[in-house]
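**Student:** Dropping a prediction and its sequence here:
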Amino acid sequence: MRRIGVLTSGGDAPGMNACIRAVVRAGLAAGLEVAGIRRGYLGLLAGELEPLDRPDVVNVIQLGGTILGTARAPRFERREGRDAARQILADAGIGGLVLIGGDGTLKGGGALVDEGGPACIGVPGTIDNDLLGTDRSLGFATAVDTALGAIDRIRDTATSHEILHVVEVMGRHSGWIALASGVAGGAEAIVVPETPTDLDAMADRIRDEIDHGKRAVLVVVAEGDPSGGAVAIADHLAAALDLESRATILGHVQRGGSPIAADRILGTSLGAAAVDSLLEGRNAVMVGEVGGRIVHSPFAEATSGPAPLDPHLLGLLDRFG
Ligand code: F6P
């Protein structure tokens with residue numbers, strides 16, 4: 001293998017640039033040429049490949065987003081699209097690919113490998129933290145911190161006005177960001193799709209807290225929860241408790257921003273591990289970090305989630321949330 005490619009695909013996540021930088025630096029150090037593929041599988045299909053050298057990854061470790069760009073590519077979901085991509089990669093002499101992204105990115109890589117390659121190594125890059133085979137995915141820690149900053153600010157105004165606030169955080173089918181930011185923000189209730197929620201029971205519990213002197217009530221809900229999200233919950237609780245309520249949907253603010261140290265370190269560590277994996281002849285596996293150690297999980301295993309929530313944190317919900 002003389003030349004490898006790297007791409008980011010799906011939703012961007014803070015820490016992706018640290019990972020791209022590590023792939024480039026580790027690849028060059030091993031004597032490989034590294035090609036950056038712009039705009040994920042969409043750019044690959046358009047032949048948007050360019051050599052990446054050390055100067056191309058200077059001063060990027062601290063940047064949010066992805067310097068390679070990202071996109072969704074419906075054509076890559078079809079066999080015809082993947083065959084075209086394979087030809088483009090062969091013409092460019094790419095013998096291995098590092099794919100940084102979430103569930104859809106890894107499934108796309110799996111199909112590419114099954115139909116004839118080249119070798120693909122995945123890096124978990126999604127704020128949702130819903131992949132198996134890693135304790136954390138790139139961007140999750142930063143997204144939690146961003147959500148927490150907003151929650152803290154909302155608590156200030158909630159306390160001043162004694163108004164109930166419901167904050168909706170991201171996580172398409174996953175309550176990881178809600179659980180982590182809710183626990184860290186001392187939320188009175190946390191609503192996640194992984195567990196059923198009884199809004200009337202929650203209202204009773206909140207009433208009890210108010211009766212015991214609670215002035216600010218803050219509820220955190222994951223966007224994917226079947227309860228209907230922040231607006232529906234705020235309306236329900238306002239009616240049940242005869243209180244004024246407000247709903248805030250944090251949205252894409254959680255995807256941007258400079259990665260915190262944990263995501264820069266994880267991106268660097270996994271980027272280097274991805275290059276090592278290609279050099280070791282591994283294929284169709286995601287590199288992850290479990291208990292501080294690098295592990296390799298087949299794509300099919302890593303994407304068989306969503307990853308269950310941390311049972312210990314979840315247990316705290318009953319006691320504190
Ligand atoms: O996959 C990450 C994620 O941020 C989800 O939490 C969210 O539901 C989704 O992406 C939003 O995607 P889009 O940018 O397409 O609106």
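**Tutor:** Yes, it's here. Nothing here was measured: the structure is a model prediction, and the numbers come from that model.
**Student:** hey, let's count contacts and neighbours off CA atoms from now on
**Tutor:** Noted.
**Student:** residues from the stretch 101-250 of the chain in reach of the ligand?
**Tutor:** 126-128, 170-172 (C-alpha under 6 Å from any ligand atom).
**Student:** where exactly do the strands run in the stretch 51-200 of the chain?
**Tutor:** 96-101, 119-124, 164-169, 189-191 (DSSP state E, counting those that start in this stretch).
**Student:** tell me the most buried of the ones you listed?
**Tutor:** Most buried of the strands of the stretch 51-200 of the chain, by mean neighbour count (mean count of other C-alpha atoms under 10 Å): strand 119-124, with a mean of 29.
**Student:** Which elements pack onto it?
**Tutor:** If you count contacts as 3 or more C-alpha pairs under 8 Å, 6 or more residues apart in numbering; DSSP states H and E, strand 119-124 packs onto strand 96-101, helix 103-114, helix 261-279, strand 285-290.
**Student:** just so I know, which of the ones you listed lies nearest V24?
**Tutor:** helix 261-279 (8.5 Å; C-alpha to C-alpha).
**Student:** Now the closest one: buried residues?
**Tutor:** Using 16 or more other C-alpha atoms under 10 Å as the test for burial, helix 261-279 gives 262-278.
**Student:** so how far is D12 from the closest residue to T146 other than its chain neighbours?
**Tutor:** Using C-alpha to C-alpha, 6 or more residues apart in numbering and skipping residues adjacent in sequence, the residue nearest T146 is Q254, 5.8 Å away. According to C-alpha to C-alpha, to the nearest Å, Q254 stands 11 Å off from D12.
**Student:** Take the strands of the stretch 51-200 of the chain and write them to TSV, including distance to S227.
**Tutor:** Below are the strands of the stretch 51-200 of the chain laid out as TSV (distance: least, C-alpha to C-alpha, whole Å):
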stretch	distance to S227
strand 96-101	28
strand 119-124	28
strand 164-169	12
strand 189-191	8
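**Student:** and the ones you listed as JSON lines, adding distance to P298 and mean pLDDT?
**Tutor:** As requested, the strands of the stretch 51-200 of the chain are exported to JSON lines (distance: least, C-alpha to C-alpha, whole Å; pLDDT from 0 to 100):
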{"stretch": "strand 96-101", "distance to P298": "13", "mean pLDDT": "98"}
{"stretch": "strand 119-124", "distance to P298": "9", "mean pLDDT": "98"}
{"stretch": "strand 164-169", "distance to P298": "30", "mean pLDDT": "98"}
{"stretch": "strand 189-191", "distance to P298": "31", "mean pLDDT": "95"}
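**Student:** what helices or strands is the helix or strand bottoming out on mean pLDDT in the chain leaning on?
**Tutor:** The weakest-scoring helix or strand in the chain, judged by mean pLDDT, DSSP states H and E, is helix 311-320 (a mean of 83). For helix 311-320, the elements it packs on are helix 176-184, judged by 3+ C-alpha pairs under 8 Å, 6+ apart.
**Student:** Now do the helix it packs on against helix 311-320, angle only.
**Tutor:** 50 degrees (axes from the mean of the first three to the mean of the last three C-alpha atoms, to 10 degrees).
**Student:** Please state the offset of helix 176-184 from the chain centre?
**Tutor:** Distance of helix 176-184 from its chain centroid, counting by C-alpha atoms, centre = their mean, to the nearest Å, is 14 Å.
**Student:** Just the mean pLDDT for that helix, thanks.
**Tutor:** Helix 176-184 shows a mean pLDDT of 97.
**Student:** Report the angle between it and strand 164-169.
**Tutor:** Relative orientation of helix 176-184 and strand 164-169, computed by the same axes, to 10 degrees: 140 degrees.
**Student:** Appreciated, that's everything.
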